[in-house]
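**Q** got a predicted structure here, sequence first:
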Amino acid sequence: MEDSYFLHELKKKACFFLKEHVKIVRLALTDVTHAQLLTEEAISGNPWPPDSPSMREITKASFEVDEFYRIVEILHKRLERFEARQWRASYNAVILVEHALTHGPYSFAKEFANDRAVLREMEGFHFVDDKGFNWGESVRKLSARVLKLLEEEDFLIQERIKARNLTRGIQGFGSFSRRSSPTKDESHSNRFNRKQHESEYNGTRNLSLIETRQGSGDWKGVRKWEEAADWEEVSQSLISSVL
């Protein structure tokens, strides 16, 4: 029994070691980016869902135009069809899509509008594992939520505002735990991180514009303005950081 457990653990470590070295080789010898590798791993069909740090890193990378289309391409391929036998891969992909819709560039909504047929198919999925957990219900609920985000623009905008406010609230709470007298290096780092965060999440200008337009129904104008702000502000941030 102990020998079997030891052999199993040895195989797991060897597999992990091999995967990590393959990543290093791909990064060094191919055009693949770190965000692409994270996306592939997040939707690879693992028995666990994508972790929050990985999804945050993928979403942040998606504010760069080139990375955005690389990430979208991987997700599109995964969502081309739904296979019940490999439901975890599709489920993990939808988890990442939901996070991208609420935390990433607004352009994600346009990109995944054509994947609604697969999401509707997933709404009919049923599966209960050996321990009695109803995974089918989880898949159906998440698919229904993502469909609503794609089809109801006012709901999408409200959820993006909620997600952004939650992110700011968490960061604000974390700031109280910092030392009262940061060093010079820490102050410089904090200023850079704050500027980078404001560029990536479009600052308060998007929120104020959205909130003032809610009663007018001018969602189209909001969407165009927000998309332009995403790429323009991130580009300015990148240029300023280099200079």
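**A** Perfect, I can see it now.

**Q** can we go C-alpha only for contacts and neighbour counts from here?
**A** Fine.

**Q** let me know the pLDDT of residue 186.
**A** Per-residue pLDDT puts residue 186 at 45.

**Q** so where is the protein shaky, pLDDT-wise?
**A** Low-confidence segments of the chain, defined by pLDDT under 70: 1-30, 170-243.

**Q** give me the domain ranges for it.
**A** Here the domain parsing of the chain from automatic domain parsing is 1-30, 40-155, 187-243.

**Q** what segments of the protein are helices?
**A** Under the criterion DSSP state H, helices of the chain are mapped to 2-29, 34-42, 52-61, 65-78, 87-103, 107-111, 116-122, 135-151, 153-175, 184-200, 203-213, 219-242.

**Q** and the second one, what other elements does it pack with?
**A** It stands for helix 34-42. Applying 3 or more Cα pairs under 8 Å, 6 or more residues apart in numbering; DSSP states H and E, one finds that helix 34-42 makes contact with helix 52-61, helix 65-78, helix 87-103.

**Q** most tightly surrounded among the ones you listed?
**A** helix 87-103 (a mean of 22; mean count of other Cα atoms under 10 Å).

**Q** between it and helix 52-61, how many degrees?
**A** Counting by axes from the mean of the first three to the mean of the last three Cα atoms, to 10 degrees, helix 87-103 lies at 50 degrees to helix 52-61.

**Q** show me what helix 87-103 is packed against.
**A** Counting contacts by 3+ Cα pairs under 8 Å, 6+ apart, helix 87-103 is packed against helix 34-42, helix 52-61, helix 65-78, helix 107-111, helix 135-151, helix 153-175.

**Q** as JSON lines, the helices and strands packed on helix 34-42 with distance to residue 37 would be great.
**A** Converted to JSON lines, these look like this (distance: least, Cα to Cα, whole Å):
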{"stretch": "helix 52-61", "distance to residue 37": "10"}
{"stretch": "helix 65-78", "distance to residue 37": "9"}
{"stretch": "helix 87-103", "distance to residue 37": "14"}
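
**Q** what's the closest of those to residue 115?
**A** Of all those, it is helix 65-78 that lies closest to residue 115, at 7.7 Å by Cα to Cα.

**Q** thinking again about what came up before, and of the helices and strands packed on helix 87-103, who's closest to residue 95?
**A** Residue 95 lies closest, by Cα to Cα, to one member of the helices and strands packed on helix 87-103: helix 135-151, at 7.5 Å.

**Q** mind saving the C-alpha coords of that closest one as PDB?
**A** C-alpha atoms of helix 135-151 as PDB (Å, rounded to 0.1, in the frame of the first residue of the first chain):
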ATOM      1  CA  TRP A 135     -21.800  19.100 -11.000                       C
ATOM      2  CA  GLY A 136     -24.500  19.300 -13.600                       C
ATOM      3  CA  GLU A 137     -26.400  22.000 -11.600                       C
ATOM      4  CA  SER A 138     -23.100  24.000 -11.300                       C
ATOM      5  CA  VAL A 139     -22.500  23.900 -15.000                       C
ATOM      6  CA  ARG A 140     -26.100  24.900 -15.800                       C
ATOM      7  CA  LYS A 141     -26.100  27.800 -13.400                       C
ATOM      8  CA  LEU A 142     -22.800  29.200 -14.600                       C
ATOM      9  CA  SER A 143     -23.800  28.800 -18.300                       C
ATOM     10  CA  ALA A 144     -27.100  30.600 -17.600                       C
ATOM     11  CA  ARG A 145     -25.200  33.500 -15.900                       C
ATOM     12  CA  VAL A 146     -22.700  33.900 -18.700                       C
ATOM     13  CA  LEU A 147     -25.600  33.800 -21.300                       C
ATOM     14  CA  LYS A 148     -27.300  36.600 -19.300                       C
ATOM     15  CA  LEU A 149     -24.100  38.600 -19.300                       C
ATOM     16  CA  LEU A 150     -23.800  38.300 -23.100                       C
ATOM     17  CA  GLU A 151     -27.500  39.000 -23.800                       C
END
